[in-house]
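Chemist: need a structure here:
(one chain, ligands or ions: 1)
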Amino acid sequence: MKKKLKIGIIGCGQIAQIEHLPYIRDSLDFELYSLCDLSNQVVQAVGEIYGIPAERRYTDMDAQLADSQLDAVIICTRDHYEPGLKAARAGKHMLIEKPLAYSLEQADEMIDAARKSGVVMMVGYMKRYDPSYAYFKKEIEKLKDITLVRVHDYGGSFDFTGSLFNICRGSDIPKEVMDAGAQQIQDAMVRQLGQQRAQLAPAYSFMLGISTHDSILMRHAFGMPEVLFADVHQNGFLTSVLDYGSFRAVFESGFLPARRVWDEKIWVYAPEKSLTLEFPWPYLKNAPTKLTVNENEPGSMVNVDKVVVNGFEEAYRAELQHFYDCITNGAAPLTAGEDARRDIQLAYDMICKVKL
Ligand SMILES: NC(=O)c1ccc[n+]([C@@H]2O[C@H](COP(=O)([O-])OP(=O)(O)OC[C@H]3O[C@@H](n4cnc5c(N)ncnc54)[C@H](O)[C@@H]3O)[C@@H](O)[C@H]2O)c1
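Modeler: Below is the predicted model of the structure:
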């Protein structure tokens, strides 16, 4: 029997309840050991569901992190800066939900703290662990030439999550505490963007919160691009042109809250074939990410689409297994803190290109 690591959650909201907690419960690698949420109602309700003893249900992360039995945490708060620093200093391995931070300065401090403590810092870009992305990446490596890439990421309303999952919500966090938390995020973004570009914070925030999922996949396939052009329109939609050296990519990100849509695709065009990777709505468990390969039949101009479904493994589950491997076998995280910092840099570079 391999040794199970004791893991805790900081921030037991939507993503923790829908994805991380159920996969930890089923895990052969981790024992769900402790929970922390600012809301006592949430931590008690989730603690009951998962059978966590009362003394390991916390509303104060300092008390949770002081437990020497705890090996690792998953950080699922909205703002990861303070929990990330504290977990690193307490010597706990960390899987931090994306975005790592809202500014480069915060990211640097967190990365530095993890390095000094010698703990694993991995960022929750689960799509990097998606088997269809692995297949897509291999197909890209076989292409002789790429002419154009297009990335399109339009998120929609999440209002129906409640009809798919039972999510415990609390009403016991004072409004001043909630407001102060939101203000800290806003302040970090404005410090990064500068007052002159503060009006672009909604687009920067969306880019960090949602579209970094795609920027990391692009970087891991093609490297770090140079931003040639960026425009923010409709108070948050961001369109950018990126230079990857031998080809360019159009990157479109936006949010359509009035509709229940999830429209996230990456197209790669090359003379011999084109590839389209299409992601499902993120909370549809085991829904496969679909790759379409379009090419001519050998020796003819007859054009065919081949649809590839490379397994049904849930990316969040694969991400958790990789986290264990990093802690116990010294594997390098595929989505390390240092690497996630580049997505903050790229989002910032895009915002800097926007004509005011
Ligand atoms: N990987 C993905 O696809 C994905 C999807 C959704 C959300 N996320 C990320 O997960 C994070 C959380 O998102 P969510 O939708 O679950 O938000 P949420 O608001 O539902 O949950 C956040 C929880 O953290 C708690 N919290 C806040 N500050 C805290 C503190 N200091 N100590 C303890 N608890 C604290 C809140 O009370 C709340 O219950 C965000 O960073 C988001 O970007 C990732």
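Chemist: What residue in the stretch 251-356 of the chain comes nearest to the ligand?
Modeler: Per Cβ to the nearest ligand atom, Pro282 is where the stretch 251-356 of the chain lies closest to the ligand, at 4.7 Å. Any C-beta I mention is one placed from the backbone N, CA and C, and that applies to glycine too.
Chemist: dump the residue contacts of that residue.
Modeler: Residues in contact with Pro282, defined by Cβ atoms under 8 Å, 6 or more residues apart in numbering, are Trp262.
Chemist: any idea of the pLDDT on it?
Modeler: Per-residue pLDDT puts Pro282 at 90.
Chemist: Look up how far Gly254 lies from it.
Modeler: Applying Cβ to Cβ, to the nearest Å, the value for Pro282 to Gly254 is 16 Å.
Chemist: ok, now Val354?
Modeler: Counting by Cβ to Cβ - Val354 and Gly254 are separated by 14 Å.
Chemist: quick one, strands of the stretch 101-250 of the chain?
Modeler: 121-124, 148-156, 226-233, 237-243, 248-256 (DSSP state E, counting those that start in this stretch).
Chemist: Grab the nearest non-local neighbour of Ala347.
Modeler: Met207 (4.1 Å; Cβ to Cβ, 6 or more residues apart in numbering).
Chemist: correct me, but that neighbour touches Phe255?
Modeler: No: at 10.8 Å, Met207 and Phe255 do not qualify as touching, with contact defined as Cβ atoms under 8 Å.
Chemist: ok, these two, which is more surrounded?
Modeler: Met207 (29 against 20; other Cβ atoms under 10 Å).
Chemist: residues in this structure within reach of the ligand, list them.
Modeler: Proximity of the chain to the ligand, by Cβ under 6 Å from any ligand atom, involves residues 10-16, 36-39, 42, 61, 76-78, 97-98, 124, 126, 173, 181, 209, 282.
Chemist: Read off the pLDDT value for the residue of the stretch 1-150 of the chain found nearest the ligand.
Modeler: Ranking the residues of the stretch 1-150 of the chain by distance to the ligand (Cβ to the nearest ligand atom) places Gly13 first, at 1.8 Å. At Gly13, the model reports a pLDDT of 98.
Chemist: related to what we said a few turns ago, most neighbours per residue, which of the strands of the stretch 101-250 of the chain?
Modeler: Among these, strand 121-124 has the highest mean neighbour count (mean count of other Cβ atoms under 10 Å), at a mean of 28.
Chemist: for that one, what is the average pLDDT?
Modeler: Averaged over strand 121-124, pLDDT sits at 98.
Chemist: what do you get for stretch 242-260?
Modeler: The average pLDDT within stretch 242-260 is 95.
Chemist: what residues does it touch?
Modeler: Residues outside stretch 242-260 that contact it (Cβ under 8 Å, 6+ apart): 145-157, 159-160, 203, 206-207, 210-211, 214-215, 218, 222-223, 225-228, 234, 236-241, 263, 350.
Chemist: So which residues of the stretch 1-150 of the chain form helices?
Modeler: Using DSSP state H, counting those that start in this stretch, the helices of the stretch 1-150 of the chain run over residues 14-15, 21-25, 40-50, 61-65, 81-89, 104-117, 131-142.
Chemist: tell me the most buried of the ones you listed?
Modeler: Greatest average neighbour count among those goes to helix 81-89 (a mean of 22), per mean count of other Cβ under 10 Å.
Chemist: Start and end of stretch 127-146, how far apart?
Modeler: End-to-end span of stretch 127-146 (Cα to Cα, to the nearest Å): 22 Å.
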